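Enquirer: what follows is a predicted protein model with its sequence.
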Amino acid sequence: MNLEQARFNMVEQQIRPWDVLDLDILDLLSRLKREDFVPESAKVLAFVDMEIPLGNGQKMWQPKMEARVVQDLTIKPTDTILEIGTGSGYLAALLAKRGRQVYSVEIDPALSAQAAKRLQAAGIDNVLPEVGDAAQGWPNKGPYDVIVLTGSVPVLPEAIKQQLTIGGRLFAIIGDAPVMRGTLITRVAANTFSSTVLFDTVVAPLINAEQPQRFKF
């Protein structure tokens, strides 16, 4: 398998058509080796347009979604970032290459440990992997300029929104299958938030995600 050709094809055939046109992001995707962050048994799938199983029901996002989210969060070099759900560690690596510091919280200790090894092997030292339940955010290291939830939530907890700085951006996949929307939320002022739907998708729910009141018949 020609890895560099596969990487080039991923960028040109999957990522650019998804409106990822920022040249710095495209260059980063070409340099940061995605194949080093997938399970050994799935190396041949590293550049395929699909979710990759990580174990325990968790999956790695499609490449185009990782790229689109990193682009649309408009991360600055001074940003402090919270990632809820470390998974493979690859998205944390992308975020770390754009921002100052990433706090990445994973509820599954085994996944967290694997991701930490991959990040260390890649020479990325501005990600702090932590084990815990961040379904309501991770307030002890906040506030954050950027927050990313890698699992879907039926509703976005107010507690997480309140951990954003003024001007901070948050990405969450909100809704129930089969209708979920990748949504970018910006904290415009202390009590004012704006939101933009970026795309529709379906991903596994965040463990212990807050549930809305549902009608019972």
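Expert: Perfect, I can see it now.

Enquirer: and the top strand by length along the chain, what does it pack against?
Expert: Counting residues, the longest strand found in the chain (DSSP state E) is strand 164-176. Secondary-structure packing of strand 164-176 (3 or more Cβ pairs under 8 Å, 6 or more residues apart in numbering; DSSP states H and E): strand 144-149, helix 158-161, strand 179-189. Where you see a C-beta, it was placed from the backbone N, CA and C, and this is true even at glycine.

Enquirer: 7 Å instead?
Expert: The contact analysis (3 or more Cβ pairs under 7 Å, 6 or more residues apart in numbering; DSSP states H and E) places strand 164-176 against strand 144-149, strand 179-189.

Enquirer: who touches it?
Expert: 69, 73-74, 143-149, 152-154, 156, 161, 180-187, 189-190, 201, 203 (Cβ atoms under 7 Å, 6 or more residues apart in numbering).

Enquirer: hmm, back to that, just name the most buried of the helices and strands packed on strand 164-176.
Expert: strand 144-149 (a mean of 25; mean count of other Cβ atoms under 10 Å).

Enquirer: quick one, what contacts the residue nearest to Leu206 when sequence neighbours are not counted?
Expert: Spatial nearest neighbour of Leu206, excluding adjacent residues (Cβ to Cβ, 6 or more residues apart in numbering): Gly151 at 3.1 Å. Contacts here follow Cβ under 7 Å, 6+ apart; on that basis Gly151 touches Gly85, Val203, Ala204, Pro205, Leu206, Ile207, Ala209.

Enquirer: from Glu12, how far off is the first one?
Expert: In this structure, Gly85 lies at 28 Å from Glu12, with Cβ to Cβ, to the nearest Å as the measure.

Enquirer: which of the two has more neighbours?
Expert: Gly85 (23 against 11; other Cβ atoms under 10 Å).

Enquirer: how about the strands in this protein?
Expert: Under DSSP E, the chain gives strands at 52-55, 58-60, 80-84, 101-106, 127-131, 144-149, 164-176, 179-189, 192-201.

Enquirer: the ones you listed: which one's closest to Ala113?
Expert: strand 127-131 (8.1 Å; Cβ to Cβ).

Enquirer: mind giving me the packing neighbours of that closest one?
Expert: Right, strand 127-131 is packed against strand 101-106, helix 109-121 by 3+ Cβ pairs under 7 Å, 6+ apart.

Enquirer: strand partners of the first one, parallel vs antiparallel please.
Expert: Spelled out, that is strand 101-106. With DSSP bridges as the test, strand 101-106 is paired with strand 80-84 (parallel), strand 127-131 (parallel).

Enquirer: quick one, grab the pLDDT at the spatially closest residue to Leu94 that is not a sequence neighbour.
Expert: The spatially closest residue to Leu94, leaving aside those adjacent along the chain, is Val70, at 4.9 Å (Cβ to Cβ, 6+ apart). Looking at Val70, its pLDDT is 98.
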